[in-house]
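Student: What would the 3D arrangement of this be:
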Amino acid sequence: MPNALPGWFFALFFLVATPALAGPRERAQVRTLVLSEHPDDAAHRIHVAGQIVTVLRFEQACDPMKTKLLGWEGRFEPLVVAGKRVVIEPLRALAPDESVPLLVTLADGTELSFLLRPPVEEWGWTDQQVDVFKDRESYQAVVSALSRALRAKNALEEENERLRQEETSADHALAALLVSGARAQTPFRVIKSWGAVEADSELSMRLYSGKGKAAVTIAVRNQSEDRPWRMVRAKLFSLKSHEPRTVAVRSEHASLSPGQSGTFAFVVDRSAFLDAEGQLETLMLEFYRHDGLRQGYVVLDPRLVRE
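Tutor: Alright, predicted model coming up:
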């Protein structure tokens with residue numbers, strides 16, 4: 001297995017979880033919370049992640065003097081209250097058993113209680129924006145609920161179309177072979193290998209070159225004693241224009257339980273390297289884990305697909 005890249009090749013790989021940096025804009029994760037639908041809840045849960053901003057939006061202005069976090073010191077940036085918005089930013093990820101109470105007081109004196117919690121491990125959702133309504137019959141609440149239903153419908157249609165295309169995709173078939181360890185049945189050869197060890201995971205990555213295609217695999221061992229590990233998404237885009245490109249993804253397991261290992265494979269066709277003028281350009285592939293942080297990235301030189 002080669003330990004060094006050819007002289008013409010440049011690649012950069014980073015295997016440390018960091019907040020998302022500049023890149024293609026993410027689709028906003030917006031949740032609607034109608035308080036009248038949960039009358040028995042003393043404190044409504046808001047799921048927050050380290051170094052990721054969460055915004056609560058209300059129907060009326062908030063009182064900044066009576067809106068506060070309780071016991072937040074050392075775990076959150078100072079709370080920002082601006083008009084109808086409350087901005088929350090944890091300094092680090094909360095532990096599974098951690099929670100921080102938040103009291104929001106509206107301009108009319110209404111007090112609303114929330115409990116800031118880490119994302120639920122099963123689905124890993126982090127609230128980026130939460131629209132809060134007191135009554136489900138209000139105009140804005142109805143509009144928000146309709147928008148939420150339309151987003152869910154569109155997301156379901158996109159997911160069905162994605163699954164239909166993957167059934168006949170050669171790139172997804174190649175990714176599946178890499179995940180299963182059957183590299184000999186693919187056109188790829190290993191160009192470079194990396195590795196890294198973190199407090200909760202051990203990772204190793206391989207970069208492949210093939211005829212008209214490039215590929216990346218990441219093998220992960222979850223070293224946490226009590227928390228699952230998941231990779232929630234990957235992004236491929238032009239390093240120059242930041243325009244998104246298509247990448248085929250396959251995973252051995254949807255989630256890795258403590259002590260479990262699994263492999264993720266990404267296959268990129270030569271067409272993804274072409275700009276609007278048909279010229280080959282450099283791409284960046286980013287990987288995001290369950291808590292919303294970027295686990296790593298690799299810069300893909302177009303000469304990977306010229307062989």
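Student: How about stretch 191-205, which residues are buried there?
Tutor: 191-192, 194, 201, 203-205 (16 or more other CB atoms under 10 Å). Quick note: C-beta positions are derived from backbone N, CA and C, even for glycine.
Student: Which members of those are the farthest-apart pair?
Tutor: Within the buried residues of stretch 191-205, Ile191 and Ser201 form the most distant pair, 23.5 Å apart (CB to CB).
Student: re earlier: closest one of the buried residues of stretch 191-205 to Phe114?
Tutor: Using CB to CB, Ser201 comes nearest to Phe114 of the buried residues of stretch 191-205, at 30.7 Å.
Student: for the buried residues of stretch 191-205, which one is nearest Phe273?
Tutor: Nearest to Phe273 among these, with distances taken as CB to CB, is Ile191, at 15.4 Å.
Student: where's the closest one, which helix or strand?
Tutor: Element membership for Ile191, per DSSP states H and E: strand 189-197.
Student: Listing partners with orientation, what would you give for that strand?
Tutor: When sheet partners are counted by DSSP bridges, strand 189-197 sits next to strand 201-210 (antiparallel).
Student: Mind listing residues that contact the strand it pairs with?
Tutor: Strand 201-210 is contacted from outside by 11, 13, 15, 178, 183, 186-197, 214-224, 229, 295-296, 298, 304-305, 307, using CB atoms under 8 Å, 6 or more residues apart in numbering.
Student: Show me how far that strand is from its chain's centre.
Tutor: Distance, stretch centre to chain centre, for strand 201-210: 19 Å (CA atoms, centre = their mean, to the nearest Å).
Student: Check the gap between the residue nearest to Asp275 when sequence neighbours are not counted and Pro244 for me.
Tutor: In space, Asp275 comes closest to Glu281 once its chain neighbours are excluded; the distance is 5.0 Å by CB to CB, 6 or more residues apart in numbering. Noted for Glu281: a distance of 13 Å to Pro244, by CB to CB, to the nearest Å.
Student: in the stretch 101-250 of the chain, which segments are predicted with low confidence?
Tutor: 121-124, 135-148, 157, 159-168 (pLDDT under 70).
Student: Tell me which stretches of it form strands.
Tutor: For the stretch 101-250 of the chain, the strands defined by DSSP state E, counting those that start in this stretch occupy 111-117, 129-133, 189-197, 201-210, 213-222, 231-238, 244-245, 248-251.
Student: May I see those organised as a markdown table, with distance to Gln29 added?
Tutor: Shown next, in a markdown table, are those (distance: least, CB to CB, whole Å):
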| stretch | distance to Gln29 |
| --- | --- |
| strand 111-117 | 16 |
| strand 129-133 | 7 |
| strand 189-197 | 28 |
| strand 201-210 | 24 |
| strand 213-222 | 24 |
| strand 231-238 | 11 |
| strand 244-245 | 18 |
| strand 248-251 | 20 |
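Student: wait, which of those strands is closest to Gly71?
Tutor: strand 111-117 (10.5 Å).
Student: so what does the closest one touch, helix or strand wise?
Tutor: strand 44-47, strand 100-105 (3 or more CB pairs under 8 Å, 6 or more residues apart in numbering; DSSP states H and E).
Student: Against Ala175, how distant is the closest residue to Asp171 other than its chain neighbours?
Tutor: Distances taken as CB to CB, 6+ apart put Ala248 closest to Asp171, at 3.6 Å, once the chain neighbours are dropped. Separation of Ala248 from Ala175 (CB to CB) stands at 5 Å.
Student: list residues touching both of these two?
Tutor: In contact with both Ala248 and Ala175: 266-267, using CB under 8 Å, 6+ apart.
Student: Make JSON lines from the helices and strands packed on strand 111-117 and add mean neighbour count and distance to Phe114 to it.
Tutor: Listed next are the helices and strands packed on strand 111-117 as JSON lines, based on neighbours: other CB atoms under 10 Å; distance: least, CB to CB, whole Å:
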{"stretch": "strand 44-47", "mean neighbour count": "18", "distance to Phe114": "5"}
{"stretch": "strand 100-105", "mean neighbour count": "18", "distance to Phe114": "4"}
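Student: For Asp63, find the nearest of these.
Tutor: strand 100-105 (4.4 Å).
Student: From the chain's centroid, how far away is that closest one?
Tutor: Using CA atoms, centre = their mean, the mean C-alpha position of strand 100-105 is found 27 Å from that of the whole chain.
Student: Next, the angle from that strand to strand 129-133.
Tutor: With axes from the mean of the first three to the mean of the last three CA atoms, to 10 degrees defining the directions, strand 100-105 sits at 50 degrees from strand 129-133.
Student: Run through who's touching strand 100-105.
Tutor: 43, 46, 56, 58, 62-63, 66-72, 75-76, 79, 86, 88, 94, 111-116.
Student: let's see it at 6 Å
Tutor: 62-63, 66-70, 72, 86, 111-116 (CB atoms under 6 Å, 6 or more residues apart in numbering).
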